[in-house]
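Enquirer: how would this look folded up:
(3 chains)
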Amino acid sequence: MDKKPCNSSSQDAEVRKGPWTMEEDMILINYIANHGEGVWNTLAKSAGLKRTGKSCRLRWLNYLRPDVRRGNITPEEELLIVELHAKWGNRWSKIAKHLPGRTDNEIKNYWRTRIQKHIKQAENLYGQSSSSVVIDQTGSSISQVSAVGRMDVEPLETYSPPSFQTNMDQPIPAVPHLPAPESINDNYWSMEDIWSMQLFGGD
DNA sequence: AACTTAGGCAACCGCCTCCAT
DNA sequence: AATGGAGGCGGTTGCCTAAGT
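Expert: Here you go, the predicted structure:
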């Protein structure tokens, strides 16, 4: 992607890409606090941001909104994600609607980095031919369909491919557990910081 | 201590849908 | 009914950093 620093100095009329600076965040927060969300392209121009409307929208929805929860996906949320994914597949935004404060991007990343890892490990350990495990065409979806047709899922704290258990002569070798949620995202400047700052700086 | 590797995540891209004209 | 613009969404990329050697 485009995390390369962009030399905007020589191309001020150009659209900026890459990581958002704290200053840009402040501008966007202040603008929305004062004017509300609107047409994003217009908003970007009016706020003086050299960003596309899409970029502003994404930044706001995924990071700057005051109700965004960051890090610490709980076991309950994990369960819900797995459950809803089994039901809807990669409909991340739809899934996100059922997880207050979570964004589709966050859930998508979580799925790909954490949950899919477990799927891969399961595949490597037991092969891919287990009849009751359904992996979609992108390899991104796993679910277990029980005899009554509903999806049975477990929170990942205890996650192991449930369907394999019935086929096994031996206990599942410990599938590595997820890292402790507390260890995640300690190195960000917090949104509380930004919001407290914008409260003082809001025009 | 230095180097390498792998994981996590923010952000972009391209496609699709919706809506106003 | 056709068209173009904007928003929404899922997929993908690549930087940063922690863990491992």
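Enquirer: how far away is A:Lys45 from A:Ile32?
Expert: Taking C-beta to C-beta, to the nearest Å as the measure, A:Lys45 falls 14 Å from A:Ile32. Placement of C-beta: from N, CA and C, glycine included.
Enquirer: just want to know which of these two has more residues nearby.
Expert: Per other C-beta atoms under 10 Å, whichever of A:Lys45 and A:Ile32 has more neighbours is A:Ile32, with 18 against 14.
Enquirer: residue contacts, that one?
Expert: Counting by C-beta atoms under 8 Å, 6 or more residues apart in numbering, A:Ile32 touches A:Leu43, A:Trp60, A:Leu64.
Enquirer: following whichever strand or helix holds it, which helix or strand shows up next?
Expert: Under the criterion of DSSP states H and E, A:Ile32 resides in helix A:22-35. Sequence order places helix A:40-46 as the next helix or strand after helix A:22-35, per DSSP H and E.
Enquirer: count of neighbours near A:Arg102?
Expert: Applying other C-beta under 10 Å, we find 21 residues neighbouring A:Arg102.
Enquirer: so A:Leu61 makes contact with A:Thr103?
Expert: Yes. Look at A:Leu61 against A:Thr103 with C-beta atoms under 8 Å: they come within range, at 6.2 Å.
Enquirer: who touches both of these two?
Expert: Counting by C-beta under 8 Å, 6+ apart, A:Leu61 and A:Thr103 have no shared contacts at all.
Enquirer: what's near enough to touch A:Ser93?
Expert: Going by C-beta under 8 Å, 6+ apart, A:Ser93 touches A:Asp104.
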